[in-house]
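Engineer: here is a sequence with its predicted model. Questions after.
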Amino acid sequence: MLTKETVGKRKGCISYSFNQRIDVPTEFVLYEQWESEEDLHAHIEYLKVLLGPAKLGGFLPETLINMFESGRPYYYSVVE
C-alpha cells in the first residue's frame, strides 16, 4: 500500500502529499519532492515492481507521472 509512511521512508523523499479533489472526489493529485532525479526514478521503478506494469483497466495509468509533460522538475535540499 502506498501511504505517507511507506513512501516517506524511501531514500531521497523530502515530502509526500496525497490530495483528493473536493468537487470531484474520484480525482487525486500526488505531490512529491525528491532530493534528486535518481531518487525519483528509483521510486518510480519501485512502484512498477510493487504495482505491476501499466495496462488498460489496471491500477497504474498509462502515464505514471506527467511532470515531464507539464513542467520542469526541481529538486530541493531540506533546510533544518
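Structural biologist: Cool, the structure landed.

Engineer: could you look up the SS state of residue 15?
Structural biologist: The assignment at residue 15 comes out as strand when based on DSSP: H, G, I helix; E, B strand; the rest coil.

Engineer: for it, what are its contacts?
Structural biologist: Shown in contact with residue 15 (Cβ atoms under 8 Å, 6 or more residues apart in numbering): 31, 32, 33. (C-beta placed from N, C-alpha, C; glycine too.)

Engineer: give me the buried subset of those.
Structural biologist: Neighbour-count burial (16 or more other Cβ atoms under 10 Å) applied to those gives 32, 33.

Engineer: can I get the contacts of residue 15 in JSON lines including distance to residue 24?
Structural biologist: Shown next, in JSON lines, are those (distance: Cβ to Cβ, whole Å):
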{"residue": "31", "distance to residue 24": "17"}
{"residue": "32", "distance to residue 24": "21"}
{"residue": "33", "distance to residue 24": "24"}
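
Engineer: among the contacts of residue 15, which lie within strands?
Structural biologist: Judged by DSSP state E, strands contain the following of the contacts of residue 15: 31, 32, 33.

Engineer: residue 52: which of these is nearest?
Structural biologist: Comparing the ones in strands among the contacts of residue 15 against residue 52 with Cβ to Cβ places residue 32 closest, at 20.3 Å.

Engineer: can you check the pLDDT for that closest one?
Structural biologist: Looking at residue 32, its pLDDT reads 82.

Engineer: for residue 39, same thing?
Structural biologist: With respect to pLDDT, residue 39 has a value of 91.

Engineer: tell me which residues touch it, please.
Structural biologist: Shown in contact with residue 39 (Cβ under 8 Å, 6+ apart): 10, 11, 12, 13.

Engineer: lowest-confidence one in those?
Structural biologist: Taking those together, the minimum pLDDT is found at residue 10 (82).

Engineer: residues near that one, how many?
Structural biologist: Residue 10 has 15 neighbours, counted by other Cβ atoms under 10 Å.

Engineer: surely it touches residue 45?
Structural biologist: No. Counting by Cβ atoms under 8 Å, residue 45 is not a contact partner of residue 10; they are 11.2 Å apart.
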